[in-house]
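Chemist: Quick one: sequence plus predicted model below, questions after.
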Amino acid sequence: MSPSLSWVWGIPLIAIGQVIFTFGVSIIFSTLNLFFRDLERFVSLGIMLMFYCTPILYASDMIPEKFSWIITYNPLASMILSWRDLFMNGTLNYEYISILYFTGIILTVVGLSIFNKLKYRFAEIL
């Protein structure tokens, strides 16, 4: 597969969505980890579960129809499928990209509100 013109603006578009998503998840879990020390074990378990529920090592059309909701409600799937469509097909799936941005913005807003609410207690905990 050779690079296509859609890569020029597709890579930054998906990468920015991935950064927003990652920032939201990071700010939520880093803030909550101060108050719940065992949270990191649940997070690593959740990451492993999300890895297996995300079509990374298999195609999304291999999933039976009755389990397709796993892909629909998995926020990592939209990110992985966006990258896969861009690099394998040379196309952008705007549905996946919009889900990625929507989920990322929601997680960032929730994460920043949790952070701002609890930041005054950080010095006590640390």
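Modeler: Good, I have the coordinates. Residues are numbered from 1 along each chain as shown.
Chemist: just the helices in the protein please.
Modeler: Using DSSP state H, the helices of the chain run over 6-35, 39-52, 69-73, 75-84, 94-118, 122-125.
Chemist: what's the shortest one packed up against?
Modeler: Just to be clear, that refers to helix 122-125. helix 6-35 (3 or more Cβ pairs under 8 Å, 6 or more residues apart in numbering; DSSP states H and E). Every C-beta, even on glycine, is put in place using the N, C-alpha and C of the backbone.
Chemist: Return the residues in contact with the closest residue to Phe51 other than its chain neighbours.
Modeler: With sequence-adjacent residues excluded and distances taken as Cβ to Cβ, 6 or more residues apart in numbering, Phe51 is closest to Leu76, at 8.0 Å. Residues near Leu76 by Cβ atoms under 8 Å, 6 or more residues apart in numbering: Met50, Phe51, Cys53, Thr54.
Chemist: most surrounded residue in these?
Modeler: In terms of neighbour count, Thr54 stands highest of these at 20 neighbours, by other Cβ atoms under 10 Å.
Chemist: Distance-wise, check that residue relative to Val8.
Modeler: Here Thr54 is placed at a distance of 26 Å from Val8 (Cβ to Cβ, to the nearest Å).
Chemist: Tabulate the contacts of Leu76 (TSV), appending pLDDT.
Modeler: Below are these laid out as TSV (pLDDT from 0 to 100):
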residue	pLDDT
Met50	86
Phe51	86
Cys53	84
Thr54	87
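Chemist: re the thing from before, TSV for the helices of the chain, including distance to Ala59?
Modeler: Shown next, in TSV, are these (distance: least, Cβ to Cβ, whole Å):
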stretch	distance to Ala59
helix 6-35	19
helix 39-52	15
helix 69-73	11
helix 75-84	9
helix 94-118	14
helix 122-125	44
